[in-house]
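# below are the sequence and a predicted model; questions follow.
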Amino acid sequence: MELSVIIIEYLDLESLERAICSIYNHISKLSIEIIVVSNSAYSIKKQIDIESRFRKAQVIFNRDNLGFAKAVNQGIKISTGEFVLLLNPDARLLDDSLQSAVDFMIGNSNIAVVGPMTLDGEGQLHDTFRKFMGLGVLVARTLKRFLNLRTGRFLENTDYSKAQQVDWVSGGCLLGRRSSIDETGLMDERYFMYMEDMDWCKRFWQKGFEVWYLPEWKIEHIGGKASTKKFSITNKLMWIHMISYCKYYFKWLHFKLPF
């Protein structure tokens with residue numbers, strides 16, 4: 001098997017169907033398998049209906065929402081592809097440019113992860129790649145997002161027109177190399193959601209592998225940033241994001257995690 005596509009689903013079957021259709025519409029030269037891991041805790045009857053609806057995919061149903069990292073690891077463990085594509089259900093391939101990313105990795109054996117140019121539903125760029133999150137970057141991003149200030153000193157390079165090495169790419173869509181994953185290890189399951197992709201890329205770099213952004217490969221991602229669109233004590237995703245940041249910060253400062 002050349003490519004394993006892993007999609008983590010949570011209460012959004014319509015988006016899942018669009019994502020899977022985009023895979024079969026735009027991947028023709030690679031042997032593929034699609035693995036869906038559902039964190040939705042569906043009833044047995046609903047699970048049967050879903051399996052019937054998505055016959056071309058292997059679906060794993062979890063009794064509870066185990067979080068993103070743990071679900072991704074479930075998928076990777078049973079996958080067989082030489083390359084692993086993580087794809088959010090609210091993302092879709094726009095054309096056959098994934099092949100360029102696969103070819104790029106085949107020609108550069110030290111690259112562990114490649115991320116695409118990501119567009120929203122209106123064709124606007126998302127900040128697909130970023131710098132590792134230190135306190136300076138955190139403060140700058142917070143000011144930019146919540147106060148709408150231009151604090152570019154600590155922010156990522158925003159030249160999205162060229163292929164380049166980057167610190168990390170979003171787990172909403174990334175292409176990973178199986179052999180590099182085997183050597184580096186799976187995602188850190190202490191992150192329920194958020195930061196696990198940055199942590200993973202940091203570990204790839206630590207092992208001597210490279211992470212790249214490739215603008216020739218384009219996808220559309222409609223969702224995203226639900227944790228940061230609204231600063232409110234009632235925004236559950238915001239708190240999950242903050243907790244994950246604390247875990248990341250403590251881990252990479254070599255403190256013992258308190259949770």
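Now that the structure is in, tell me what you want to look at.
# which helix or strand lies directly C-terminal to the helix or strand hosting residue 86?
Assigning secondary structure by DSSP states H and E places residue 86 in strand 83-87. Per DSSP H and E, the first helix or strand lying C-terminal to strand 83-87 is strand 91-93.
# show me what the strand holding residue 86 packs onto, helices and strands only.
Strand 83-87 is packed against strand 3-9, helix 98-106, strand 173-177, helix 178-184, with contacts defined by 3 or more CB pairs under 8 Å, 6 or more residues apart in numbering; DSSP states H and E. Every C-beta, even on glycine, is put in place using the N, C-alpha and C of the backbone.
# for these, give me CSV that also has distance to residue 242, mean pLDDT and mean neighbour count.
As requested, the helices and strands packed on strand 83-87 are exported to CSV (distance: least, CB to CB, whole Å; pLDDT from 0 to 100; neighbours: other CB atoms under 10 Å):
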stretch, distance to residue 242, mean pLDDT, mean neighbour count
strand 3-9, 21, 98, 25
helix 98-106, 32, 98, 19
strand 173-177, 23, 98, 25
helix 178-184, 26, 98, 17
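# closest one to residue 236 among the ones you listed?
Of all those, the one in closest proximity to residue 236, counting by CB to CB, is strand 3-9 (17.8 Å).
# next SSE after the least confident helix or strand in the chain by mean pLDDT?
Sorting the helices and strands of the chain by mean pLDDT, DSSP states H and E puts helix 135-147 at the bottom, at a mean of 55. For helix 135-147, the following helix or strand on the C-terminal side (DSSP H and E) is strand 164-165.
# pull the residues that contact that next one.
For strand 164-165, the external contacting residues (CB atoms under 8 Å, 6 or more residues apart in numbering) are 157, 210-213.
# for residue 180, list the residues it contacts.
The contact partners of residue 180, by CB under 8 Å, 6+ apart, come to 112-113, 204, 207, 209.
# in those, find the pair that's most separated.
Farthest pair in the contacts of residue 180, by CB to CB: 113 and 207, 11.4 Å.
# looking at these two, which has the bigger crowd around it?
Between residue 113 and residue 207, counted using other CB atoms under 10 Å, residue 113 has the larger neighbour count: 28 against 12.
# what comes up buried for the strand or helix carrying the more buried one?
Taking DSSP H and E as the criterion, residue 113 maps to strand 111-119. Within strand 111-119, the residues that count as buried by 16 or more other CB atoms under 10 Å are 111-119.
# for that strand, packing partners?
Judged by 3+ CB pairs under 8 Å, 6+ apart, the packing partners of strand 111-119 are helix 98-106, strand 168-169, strand 173-177, helix 178-184, helix 196-206, strand 210-221.
# kindly recompute the last result at 7 Å.
helix 98-106, strand 173-177, helix 196-206, strand 210-221 (3 or more CB pairs under 7 Å, 6 or more residues apart in numbering; DSSP states H and E).
# what about that strand, distance to the chain center?
10 Å (CA atoms, centre = their mean, to the nearest Å).
# average model confidence for whichever helix or strand comes after that strand?
Later in the chain than strand 111-119, the nearest helix or strand by DSSP H and E is strand 129-130. Mean per-residue pLDDT for strand 129-130: 88.
# relative to strand 129-130, what are the paired strands and their orientations?
Under the criterion DSSP bridges, strand 129-130 sits next to strand 168-169 (antiparallel) in its sheet.
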